[in-house]
Structure formats: C-alpha cells, structure tokens
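S.K.: Here you go, sequence then predicted model.
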Amino acid sequence: MAHGQVYWCIMSQNEHLHIIPIPSLVATLLHAEQVKGEPLIEEEVLAIRDTCPSVAMTDEMLSKVVARRGYDDIDPERVWEEWLAIRPSLTGEDAIA
C-alpha cells in the first residue's frame, strides 16, 4: 500500500475487530528500553501501551500481519506480565523484579 492511499474493508456483521499496535508493542517497548538505557518500570510500560499508535483489524488481517511479522505480539491487556516474561529473551539479561 502506498503512503497516503486509503483502502476500505467491508466486514460482515459477525467479524470481530482487534485493536493492534503498529509497530508491535514488544518492538516498541524494546526500543523504548534501549533508548532509556535501563529496564522500563511498570508505569512506563503501561503509558507506552496506552499511547502507542494502533489500528483496527479483522481476524483475517491480523493473521496476515502475524504471519508476515513472524511472531505474535504481547497482549495489551497483560502487557506488564508478558513484557516481564519476554524481556530476558530479547535483552539477554535476567528478568527484573
């Protein structure tokens, strides 16, 4: 899709929309932590989640994004817990308390 173009999606009444952070929440959190130079605290993680750019997607669109990305993003509703679980594998550091 070229920048500035608008595409419309016709949905059935049965389709569910997902609100998805773009770029992924895990990538956004990792970048924020790298910029900060130290582990993010819970309040920072929640603030990033609450203010990150997001789009609405159907199940089909979300499946395509996940396939293209190669991984599932962390759940925004469980952002702190999932960030603590995934962080050590991304940074090579021990989990923070």
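M.R.: Nice, I can see it.
S.K.: how far away is D75 from G92?
M.R.: Plainly put, D75 is 23 Å away from G92 if you go by Cβ to Cβ, to the nearest Å. In short, each C-beta sits where N, CA and C put it, glycine included.
S.K.: again but with V45, I slipped
M.R.: Taking Cβ to Cβ as the measure, V45 and G92 are separated by 19 Å.
S.K.: Between those two, point out the one with more neighbours.
M.R.: Remark: of V45 and G92, V45 carries more neighbours, 24 against 7, as counted by other Cβ atoms under 10 Å.
S.K.: element containing that one?
M.R.: Per DSSP states H and E: V45 is located in helix 42-51.
S.K.: next one: that helix to chain centre, how far?
M.R.: 12 Å (Cα atoms, centre = their mean, to the nearest Å).
S.K.: buried sites along that helix?
M.R.: V45, I48, R49 (16 or more other Cβ atoms under 10 Å).
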